[in-house]
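K.L.:
Take this sequence and fold it.
(4 chains)
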Number of protein chains: 2
Amino acid sequence: MPNRKAVAPVLTVVETACSNCNLHELCLPLGMSTEEVEKLDELVSSRRRVKRGEHLYRAGDAFDSIFAVRSGFFKTDVLLEDGREQVTGFQMTGELLGLDGISNEQHSCNAIALEDSEVCTIPFSHLENLSREIQTLQHHFHQVMSREIVRDHGVMMLLGTMRAEERLAAFLLNLSQRFTARGYSPAEFYLRMTREEIGSYLGLKLETVSRAFSRFQEEGHIAVQQKHVRILNIAGLKKLMSQHTRD
Amino acid sequence: MPNRKAVAPVLTVVETACSNCNLHELCLPLGMSTEEVEKLDELVSSRRRVKRGEHLYRAGDAFDSIFAVRSGFFKTDVLLEDGREQVTGFQMTGELLGLDGISNEQHSCNAIALEDSEVCTIPFSHLENLSREIQTLQHHFHQVMSREIVRDHGVMMLLGTMRAEERLAAFLLNLSQRFTARGYSPAEFYLRMTREEIGSYLGLKLETVSRAFSRFQEEGHIAVQQKHVRILNIAGLKKLMSQHTRD
DNA sequence: GGCTGATATTGACTTGGATCAAAGGGGCAC
DNA sequence: GTGCCCCTTTGATCCAAGTCAATATCAGCC
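P.N.:
Numbering: from 1, shown residues only, chains lettered A, B, ... in the order given. Next up, the predicted model:
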């Protein structure tokens, strides 16, 4: 299980400070000086473990903190009254969770761990206080929020205009790129989510997702066995995304 | 044309200051003291007119300001290389444009006026400076960004899980609610966008949008003639949205 | 280590919305 | 004022993805 490597294997030292966390370049402290990061340390008050399947927060919960994924993997989703689910995102190491809650003091979606995970809790009012002092932090936080908006627009494009196979190709390429940024293989990874969750994210039914996987395999783009994916032909997947009309 | 009323009919006095702009409760100054708003005045450097059909900014343009819609109506869209368009939103009076540009110093979508419009230009670095001084402004700005994220999640839900008529119903109800917040009738308004633009936003083809309009009319939910829409049965539209299986 | 429920694959058939096509209707430019 | 082009509506047909169903496979638990 490759992802096991991502979790600290020894329990001796628990790093509770941003200053000696190895997620610098991915997480909130990006671009901050050593001195500034030390101020952040006080802010990141606590760690919290969330076991696979558990909620980090639920829609309707009072909002007071955002969270940084320290290890593990999450999904966020929105539920309609009749039970329909829309997965709005998958979050991995170094990514922030809970930005949706700022708007009206309560969370508007659910965040659920897809594997045993750990998050850093960042009390939001503290973050606002500190970002009035540290310009770098302020700007970086704004960039993170803006990036989320841009990502959402990408998902809208995917849901609004792409065909099933294009959606799955885009999804796999996105995962590949994010795993790469975290030092993992761009070409081989375990999916933490089910076909149904992928389908929900991509606006497809699980059977359609499964069929698209099989088709990619037949065409030699990937090798897939259940949750284990190996990308054999990145260029092929990219090409798939840009051809509107298929022959 | 009801919307003509939204545009200042007299050209004598041009209000260039937030402090005497009537969009207080909708726009950035929300919740700020008179004194604080006066500081904002210096920030909002200039007005800019954008004629119908013109771009306020384009994907790829360097980012340095965000914009507040003073009057008029905009759409934002993202284009795929092969020409497919996804409309990511429609912006009306008091709403902000350009938040997507913060993430990497350049705009990632196009903003196009759907009628002759006017925007206030807010240099972003000034906004960051001022929001380090004024906590209310800082917090409100964060809320605005967060609200955009929540809105995007709503659109994903719509695109990912709803059927054509549900999407259109959700769209009309959303417009109605926003017009109401601006003091217009909740039940009667002119659409500023074409069927094709509505379709792009909702992930549907223009013919499907047109048919859904006709169907709503047949069923007595609305009266529609071209761009003029009158909602006859809000409850009916709401009900439409929550019934997954239709008989 | 074998049982069990959850997850995944694959096939057969259906269907909602897309596509193709044709005819009205309106707004704007001249 | 009028003519043209864009926008909209409506009909007929098609197809990508959904639905229903039957296995197959895996992961976790005792």
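K.L.:
and the residue sitting nearest the centre point of chain A, how far is that from DNA strand C?
P.N.:
The residue lying closest to the centre of chain A (CA atoms, centre = their mean) is residue A:91, at 1.7 Å. From residue A:91 over to DNA strand C the distance is 19 Å, taken as CB to the nearest atom of the strand, to the nearest Å. C-beta here means a position set from N, CA and C on the backbone, and glycine is covered the same way.
K.L.:
for residue A:192, same thing?
P.N.:
Separation of residue A:192 from DNA strand C (CB to the nearest atom of the strand): 10 Å.
K.L.:
Equivalent analysis for residue A:211, please.
P.N.:
Per CB to the nearest atom of the strand, residue A:211 is found 5 Å from DNA strand C.
K.L.:
host element of that residue?
P.N.:
Using DSSP states H and E, residue A:211 sits within helix A:206-218.
K.L.:
What helices and strands are in contact with that helix?
P.N.:
Counting contacts by 3 or more CB pairs under 8 Å, 6 or more residues apart in numbering or on different chains; DSSP states H and E, helix A:206-218 is packed against helix A:164-181, helix A:195-202, strand A:222-225.
K.L.:
hang on, the residue nearest to the centre of chain A packs against residue A:73?
P.N.:
Yes. Checked against CB atoms under 8 Å, the pair residue A:91 and residue A:73 is within contact range at 7.3 Å.
K.L.:
is the helix or strand bottoming out on mean pLDDT in chain A up against chain B anywhere?
P.N.:
Least confident helix or strand of chain A, by mean pLDDT, DSSP states H and E, is helix A:34-43 with a mean of 86. No. Applying CB under 8 Å from any CB of the partner chain, one finds helix A:34-43 separated from chain B by no less than 14.2 Å.
K.L.:
What residues of that helix count as buried?
P.N.:
A:36-37, A:39-40, A:43 (16 or more other CB atoms under 10 Å in any protein chain shown).
K.L.:
What helices and strands are in contact with it?
P.N.:
So helix A:34-43, by 3+ CB pairs under 8 Å, 6+ apart, packs with helix A:124-133, helix A:135-161.
K.L.:
Wondering if the last one reaches DNA strand D at all.
P.N.:
Which is helix A:135-161. No. Judged by CB under 7 Å from any atom of the strand, helix A:135-161 and DNA strand D are separated, with a smallest distance of 10.4 Å.
K.L.:
now that helix and helix B:195-202, what's the angle there?
P.N.:
Interaxial angle of helix A:135-161 relative to helix B:195-202 (axes from the mean of the first three to the mean of the last three CA atoms, to 10 degrees): 120 degrees.
K.L.:
Next, the angle helix A:34-43 makes with helix A:135-161.
P.N.:
Interaxial angle, helix A:135-161 versus helix A:34-43 (the same axes, to 10 degrees): 70 degrees.
K.L.:
Looking at helix A:135-161 now, give me its mean pLDDT.
P.N.:
Per-region confidence: helix A:135-161 scores 97 on mean pLDDT.
K.L.:
so it versus helix B:124-133, what angle?
P.N.:
120 degrees.
K.L.:
Stretch A:205-225 and DNA strand D in contact?
P.N.:
Yes. Stretch A:205-225 reaches DNA strand D (CB under 7 Å from any atom of the strand) through A:205, A:207-208, A:225.
K.L.:
one step back: now the buried residues of helix A:34-43 as JSON lines including distance to residue B:116?
P.N.:
Output for the buried residues of helix A:34-43, formatted as JSON lines (distance: CB to CB, whole Å):
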{"residue": "A:36", "distance to residue B:116": "46"}
{"residue": "A:37", "distance to residue B:116": "49"}
{"residue": "A:39", "distance to residue B:116": "48"}
{"residue": "A:40", "distance to residue B:116": "47"}
{"residue": "A:43", "distance to residue B:116": "47"}
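K.L.:
Those also near DNA strand C: which ones?
P.N.:
Near DNA strand C, judged by CB under 7 Å from any atom of the strand, there are no entries from the buried residues of helix A:34-43.
K.L.:
hmm, back to that, please name the bridge partners of the residue nearest to the centre of chain A.
P.N.:
Per DSSP bridges, the residues bridged to residue A:91 are residue A:74.
K.L.:
Now do the contacts for it.
P.N.:
The contact partners of residue A:91, taken as CB atoms under 8 Å, 6 or more residues apart in numbering or on different chains, are A:69, A:73-76, A:97, A:111.
K.L.:
again, only using 7 Å
P.N.:
A:69, A:74, A:76, A:97 (CB atoms under 7 Å, 6 or more residues apart in numbering or on different chains).
K.L.:
Looking at those residues, which is nearest DNA strand D?
P.N.:
Comparing these against DNA strand D with CB to the nearest atom of the strand places residue A:74 closest, at 16.6 Å.
K.L.:
what's the distance between that closest one and residue A:113?
P.N.:
Look at residue A:74 and residue A:113: by CB to CB, to the nearest Å, they are 6 Å apart.
K.L.:
about what we covered before: what packs against whichever helix or strand comes after the least confident helix or strand of chain A?
P.N.:
Using DSSP H and E, the helix or strand that follows helix A:34-43 towards the C-terminus is strand A:46-50. Under the contact definition 3 or more CB pairs under 7 Å, 6 or more residues apart in numbering or on different chains; DSSP states H and E, strand A:46-50 sits against strand A:110-123.
K.L.:
packing partners for the strand it packs on?
P.N.:
strand A:46-50, strand A:55-57, strand A:65-79.
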